[in-house]
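**Q** build me a model:
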Amino acid sequence: MDLSTTTSSAEELTTARAISLQRKRRRSLKITLVFWGFVGPLILGLLVFFYIPIIWSFVLSFADARATITPTAFIGFQNYIDMLRDAEFIKSLATFTIFTLFIVPTTFACALGLALLVNSTKFAQGLFRSVFFLPTACSYVIASLVWKMNIFNGLFYGLINNLISHFGIHPIAWIQTATPPWYWLVLVTVRLWLQLGIYMIIFIAGLQDIPRELYEAATVDGAKRGWQTFSRITFPLLRNASISVLLLNVIAAFQAFDEFFNIMSGGNAILARPPLVYLFKVALSDQNYGQGSAGAIILTLIIVIFTLIQGRLLGFGRSE
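**A** Residues are numbered from 1 along each chain as shown. Model prediction:
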C-alpha cells in the first residue's frame with residue numbers, strides 16, 4: 001500500500017472524528033440551551049418570589065422591623081417570645097383546631113362516599129368525575145364572595161334564607177351570629193365544595209388499584225356486597241389513599257386564608273380568625289414585619305411537626 005494513501009486515509013478519519021465530535025458538542029449545547037430555556041425562568045421565579053422571601057422573612061424574624069422590611073436592630077428571639085405570649089395568636093390556633101375538627105372528617109367522609117358512588121357508576125363515569133372535580137378550578141376568593149353575598153346572605157333574599165322561609169323560619173344572619181355560631185356552616189361548606197373533587201380523585205385512584213379478584217374471591221366465600229366487602233376489603237386497602245387525604249387536608253386547613261378573610265370581613269374579624277389571617281393583620285395592617293415573620297416561622301414549624309407526627313401515627317410510608 002502506498003504511504004501517501006495511508007496518510008490520506010488517516011487524515012480523513014481524523015477529520016471525520018473531529019467533525020463528529022463538533023456535531024455532538026453542538027447538539028449537546030443546543031439541548032442544554034433548550035433545557036435552561038424552559039427550566040431557567042421557573043428556577044428564577046422560585047428564587048425571586050419564593051426562596052429569597054423565605055430567607056428574608058427568617059432574617060426579619062430576629063430583628064425589629066416596624067413599617068419597614070429592612071432590619072433596624074437585632075433582637076434575637078424576642079419576636080418569637082412575643083408571638084407565643086400573644087393571646088390573639090393562641091386564639092387563632094384554637095380557631096384552626098375547631099376548623100380542622102369540622103372540615104377534615106366531613107371532607108374525608110364525603111370524598112370517600114362520592115368516590116364509591118362515582119367508581120361504581122357504569123354510565124357516564126367520566127362526566128361525573130369532571131362535574132365533581134370542576135369546583136377545584138374555582139377561585140377561593142370568588143367562591144367565598146358567592147357564599148357570603150348570595151347563598152348565605154343574612155337578608156331575606158339570600159338563597160338559604162329564601163329556602164327556609166318556606167318552612168316558616170325567619171331569616172338568619174349566618175355570618176354575624178355568634179350564638180349559635182352559624183358562620184362555621186358557611187366556612188365549612190365553601191371549603192368542602194372547593195376541595196371535595198381533588199380528594200374524590202385520590203380515593204378513586206385508590207379504588208381502581210384494588211384487584212377485582214379479591215371481591216370475586218370474597219363473593220365465593222359467602223361475603224355479601226356492601227358493608228362486609230367495604231369494611232374487610234375496600235377500606236383497609238385504601239389505607240395509603242386515606243392517609244394522603246388526611247395529611248393534605250390538615251395541611252390545607254392550616255393554610256386557610258381566603259374564605260376566612262373574605263367571608264369574615266378581613267383581618268380584623270373577631271368571630272373566626274385563623275393563624276394566616278391574624279399574621280396578615282400583624283404584618284401588613286400593623287406593619288410589624290418582624291413579629292409577623294416570627295409568627296410565620298412558628299406556624300411553619302407547627303405544620304411540619306404536626307405532619308410528621310400524624311404521618312408517624314398513621315404509618316405513612318410503612319410497608320404492608
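**Q** how is this protein divided into domains?
**A** 3-49, 78-314 (automatic domain parsing).
**Q** return the distance of stretch 23-34 from the chain's centre.
**A** Centroid displacement of stretch 23-34 relative to its chain, using Cα atoms, centre = their mean, to the nearest Å, is 38 Å.
**Q** repeat for stretch 168-179
**A** 31 Å.
**Q** from one end of that stretch to the other, what's the distance?
**A** 21 Å (Cα to Cα, to the nearest Å).
**Q** closest to residue 59 out of the domains of the chain?
**A** domain 78-314 (8.1 Å; Cβ to Cβ). Where C-beta positions appear, they are placed from N, C-alpha and C, glycine not excepted.
**Q** just to revisit the earlier point, tell me the most buried of the domains of the chain?
**A** Comparing the domains of the chain by mean neighbour count (mean count of other Cβ atoms under 10 Å), domain 78-314 comes out on top with a mean of 16.
**Q** my read is that residue 244 contacts residue 202, right?
**A** Yes - using Cβ atoms under 8 Å, residue 244 is in contact with residue 202, at 5.9 Å.
**Q** tell me which of the domains of the chain lies nearest to residue 63.
**A** Closest among the domains of the chain, using Cβ to Cβ: domain 78-314, at 5.3 Å.
**Q** and the helices in the stretch 151-300 of the chain?
**A** 159-165, 183-208, 212-220, 227-229, 235-237, 239-254, 258-263, 275-280, 289-314 (DSSP state H, counting those that start in this stretch).
**Q** just checking, what packs against the third one?
**A** Read it as helix 212-220. helix 227-229 (3 or more Cβ pairs under 8 Å, 6 or more residues apart in numbering; DSSP states H and E).
**Q** coming back round to it: could you tell me which residues touch both of residue 244 and residue 202?
**A** Shared contacts of residue 244 and residue 202 (Cβ atoms under 8 Å, 6 or more residues apart in numbering): none.
**Q** save the domains of the chain as a markdown table, and put in distance to residue 58 and mean pLDDT too.
**A** As requested, the domains of the chain are exported to a markdown table (distance: least, Cβ to Cβ, whole Å; pLDDT from 0 to 100):
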| stretch | distance to residue 58 | mean pLDDT |
| --- | --- | --- |
| domain 3-49 | 15 | 79 |
| domain 78-314 | 6 | 87 |
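**Q** mind putting these in JSON lines, distance to residue 69 included?
**A** Converted to JSON lines, these look like this (distance: least, Cβ to Cβ, whole Å):
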{"stretch": "domain 3-49", "distance to residue 69": "15"}
{"stretch": "domain 78-314", "distance to residue 69": "6"}
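**Q** for residue 56, find the nearest of the ones you listed.
**A** If you check each of the domains of the chain against residue 56 by Cβ to Cβ, domain 78-314 wins as the nearest, at 8.3 Å.
**Q** circling back to that earlier point, out of the domains of the chain, nearest to residue 60?
**A** Going by Cβ to Cβ, the one of these nearest residue 60 is domain 78-314, 4.2 Å.
**Q** that closest one: how far from the chain's middle?
**A** Distance, stretch centre to chain centre, for domain 78-314: 10 Å (Cα atoms, centre = their mean).
**Q** end-to-end on that domain?
**A** Domain 78-314 has an end-to-end distance of 36 Å (criterion: Cα to Cα).
**Q** again with stretch 73-82
**A** Note: stretch 73-82 ends 16 Å apart using Cα to Cα.
**Q** any idea which residue is closest to the centre of the protein?
**A** residue 252 (4.5 Å; Cα atoms, centre = their mean).
**Q** ok, and the closest non-adjacent residue to that one?
**A** residue 195 (6.6 Å; Cβ to Cβ, 6 or more residues apart in numbering).
**Q** ok, residue 209 next?
**A** Distance criterion Cβ to Cβ, 6+ apart; nearest residue to residue 209, sequence neighbours excluded, is residue 237 at 7.8 Å.
**Q** surely the one you found touches residue 212?
**A** No - with contact defined as Cβ under 8 Å, residue 237 does not count as touching residue 212 (12.0 Å).
**Q** so residue 45 lies in a strand, does it not?
**A** No - according to DSSP: H, G, I helix; E, B strand; the rest coil, residue 45 belongs to no strand; its state is helix.
**Q** so what's the residue count around residue 58?
**A** 14 (other Cβ atoms under 10 Å).
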